[in-house]
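> Build me a model:
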Amino acid sequence: MRTVKNPIIPGFYPDPSICKADDGYYLACSSFETYPGIPIFFSKNLVDWEQIGYAMTKENGFHVRANTMTGGVMAPTIRYHNGTFYIINANFQDKGNFIVKTNDPRQGWSDPIWLDDIPGIDASLFFDDDDQAYIVGTGNVVPNGDQMEPGIYVCKYDIEKMKVIGEAVPIWDSALRHAWSPEAPHMYKIGDYYYLMISEGGTEQNHAVTIARSKDIFSWFDGNPANPVLTNRNLGYNDVKLANIGHADLIQGEHDEWYAVFLGSRTVDGFYKNLGRETFICPVEWQRGWPFFTPKTGRVEKEYQIPTDKFSLSTLHLTTNQVFDGTTLPLEFITWGTPYGRVYQNEADGLKLFCNKAMITPKLYWALDHEQNSSRETGISFVGRRQTSIDFQAEAKFSFTPRLENESAGFVIMQASNHQYRVEKRLLDGEMVLRLILTTSSMNTLPHMPGFKAVSNDKVLYQTKVSDEELVLGLKAIGQHYQFYVKDDAGIHELGDAQDGRLINPEEVGCMSGTIMGMFATGNGQDTDNTAIFKQFEYLPLS
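Down below sits the predicted model:
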């Protein structure tokens, strides 16, 4: 027996999907507007996990824009069939639904095959016993008088020609009548039944997993009388250690026992969800034709026992201590948006970030604006990683001599929609200064709603003069207590009072992403030839 600890993939890795191949288990997660896209993880035993790569990169044409962090790619499904791995997903900043495939996830994925005939979102692949492929998805497909309402559809699919066969058929709406956001469908054939598992209630506090079944894949599915089968919404809002549970996928273990992977959010101070939505696991038992999640207790536990004697590599980048010397960046490092143009160069003397015109606080636009989404303008000079622990310490060692007053570089910790704290070095009235700035945004509606408008606001929290020397910028976070500091030749200096992490958490921002942090440089609207040279980046969990 081995002990598996939750979350199995900590940090902003939501919407997990899992499949089993000959050598073990492969898991894919959403990445939204971060690059590379769709991180892929591997385990031999469901206990020890390692990241092995990404499904979407420049090599297969991955395009994503930095905006509100609510666009890009989300809710992938990964499946393995007859020696081929498939991922079906949607890119909301490109051409919509697509499939990529490979024989080896470690060696890269195909160019996307765009699915013009697949409607809606959260499409999922299913292979029946006779090898026939089907796609289930979410859309306004359920007739109700003279209008169509949200629900789940299924269609037969030619996996060789990548074309729909026949018409899409609505098969279920939700367990709760007129439920909010029936989505994330997955189909399974178990015994005599087809099982359709979905999420409903939205991806936050009311998130829940529900399930239905039918002996005919094209017939209306019958819901489980015990729905929802997995949720924490009944625990309330306050003093809850784990919230937002939903978006599950089923998998069999090495002894044919069953498990579910799903998303959830660990809370800070019992309510705030700075880390975003993470990936968890629980056992599943089948009784009287229905699945029971985390049986006997009915709640998601911190750890479970899994019957396995296998061991495999576990490299989840919980700690980073990277000296930049020109070698390949570890997999935990990401950019915000595809890094078009001059963004960074990893060289022997350090990681060079360019002061290009892209701002670390870009002008926010409507998430469905096709013209904006299709832009290949120069990317933001940001390289960072996800927050994976509630308490942590992060440091960035760099040298930077601003030549113009619009140039700045430093350390940033951020959430969606330009909510961020950043420490920046820049020229101000001819003097070199270090400033701690809080940026927030005022929005009139959600980013994907028509008429969306947003205004970002900067507030200087602390400012001090600095010399032209190498500096280490740091942050020590204990819960929501954020203490920023700088190290120089004279020692360690706190940058004013501790700041409030709640100002950049999802409850304040209203989004589906999690906290990321790292190094940045910008010309703040003007392209310049200047660079900030980062020598080292450290991230250390403190809890």
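> Show me what Arg213 bridges to in the sheet.
Beta bridges link Arg213 to Tyr195, Asp222 when assigned by DSSP bridges.
> ok, now how distant is it from Pro228?
Going from Arg213 to Pro228 by Cβ to Cβ, to the nearest Å gives 15 Å. The way it works is simple: take the backbone N, C-alpha and C, and place the C-beta from them, glycine included.
> same check, this time on Phe127
Relative to Pro228, Phe127 is positioned 27 Å away (Cβ to Cβ).
> Arg213 and Pro228: which has the busier surroundings?
Per other Cβ atoms under 10 Å, whichever of Arg213 and Pro228 has more neighbours is Pro228, with 23 against 20.
> hey, where'd the helices end up in the protein?
Secondary structure of the chain by DSSP state H: the helices cover 370-373, 506-509.
> got the ones you listed as CSV, with mean neighbour count and mean pLDDT columns?
As requested, the helices of the chain are exported to CSV (neighbours: other Cβ atoms under 10 Å; pLDDT from 0 to 100):
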stretch, mean neighbour count, mean pLDDT
helix 370-373, 13, 90
helix 506-509, 20, 77
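> Out of those helices, flag the one nearest Asp239.
Shortest distance between Asp239 and the helices of the chain, using Cβ to Cβ, is found for helix 506-509: 14.6 Å.
> Wait, Gly523 touches Glu407, no?
Yes - at 5.7 Å, Gly523 counts as touching Glu407 under the criterion of Cβ atoms under 8 Å.
> any shared contact partners between the two?
Any residue near both Gly523 and Glu407 by Cβ atoms under 8 Å, 6 or more residues apart in numbering counts here, and that gives Cys355, Asn530.
> before we move on, the earlier item: export the helices of the chain to TSV and tack on distance to Glu303?
TSV is the format used below for the helices of the chain (distance: least, Cβ to Cβ, whole Å):
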stretch	distance to Glu303
helix 370-373	42
helix 506-509	26
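> Which among those is found nearest to Ser174?
Among the helices of the chain, the nearest to Ser174 by Cβ to Cβ is helix 506-509 (23.9 Å).
> Show me what that closest one is in contact with.
Counting by Cβ under 8 Å, 6+ apart, 204, 265, 271-274, 276, 415-417, 419, 440, 502, 512-514 sit against helix 506-509.
> Sketch out the low-pLDDT regions of the stretch 201-350 of the chain for me.
Scanning the stretch 201-350 of the chain for pLDDT under 70 picks out the ranges 313.
> so what's Ser214 up against?
Per Cβ under 8 Å, 6+ apart, neighbours of Ser214: Ile171, Tyr193, Tyr194, Leu196, Trp220, Phe221, Asp222.
> rerun at 10 Å
Ile171, Trp172, Tyr193, Tyr194, Tyr195, Leu196, Trp220, Phe221, Asp222 (Cβ atoms under 10 Å, 6 or more residues apart in numbering).
> show me what contacts the first one?
Ile171 makes contacts with 136, 141-142, 151-154, 185, 187, 194, 196, 212, 214, 216-221, as judged by Cβ under 10 Å, 6+ apart.
> Could you do the fourth one as well?
Contacts for Tyr194 (Cβ under 10 Å, 6+ apart) come out as 126, 128, 134, 136, 154, 171, 187-188, 212-219, 221.
> Just the buried subset of these, please.
Burial by neighbour count, 16 or more other Cβ atoms under 10 Å: within these this picks out Phe126, Tyr134, Val136, Val154, Ile171, Met187, Tyr188, Ala212, Arg213, Ser214, Ile217, Phe221.
> where are the low-confidence patches of the stretch 1-150 of the chain?
For the stretch 1-150 of the chain, no stretch is flagged by pLDDT under 70.
> For stretch 177-196, what does the pLDDT average out to?
Here stretch 177-196 scores 93 as its mean pLDDT.
> Hmm, Met197 and His186 touching each other?
Yes - if you go by Cβ atoms under 10 Å, His186 and Met197 touch, sitting 5.1 Å apart.
> and for those two, which residues touch both?
With Cβ under 10 Å, 6+ apart as the test, His186 and Met197 both reach Ser124, Val136, Ile211, His247, Ala248, Asp249, Leu250.
> what would these look like in JSON lines with distance to Asn234?
Output for these, formatted as JSON lines (distance: Cβ to Cβ, whole Å):
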{"residue": "Ser124", "distance to Asn234": "27"}
{"residue": "Val136", "distance to Asn234": "27"}
{"residue": "Ile211", "distance to Asn234": "17"}
{"residue": "His247", "distance to Asn234": "18"}
{"residue": "Ala248", "distance to Asn234": "17"}
{"residue": "Asp249", "distance to Asn234": "22"}
{"residue": "Leu250", "distance to Asn234": "22"}
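> Closest one of those to Met449?
Met449 lies nearest to His247 out of those, by Cβ to Cβ, at 22.0 Å.
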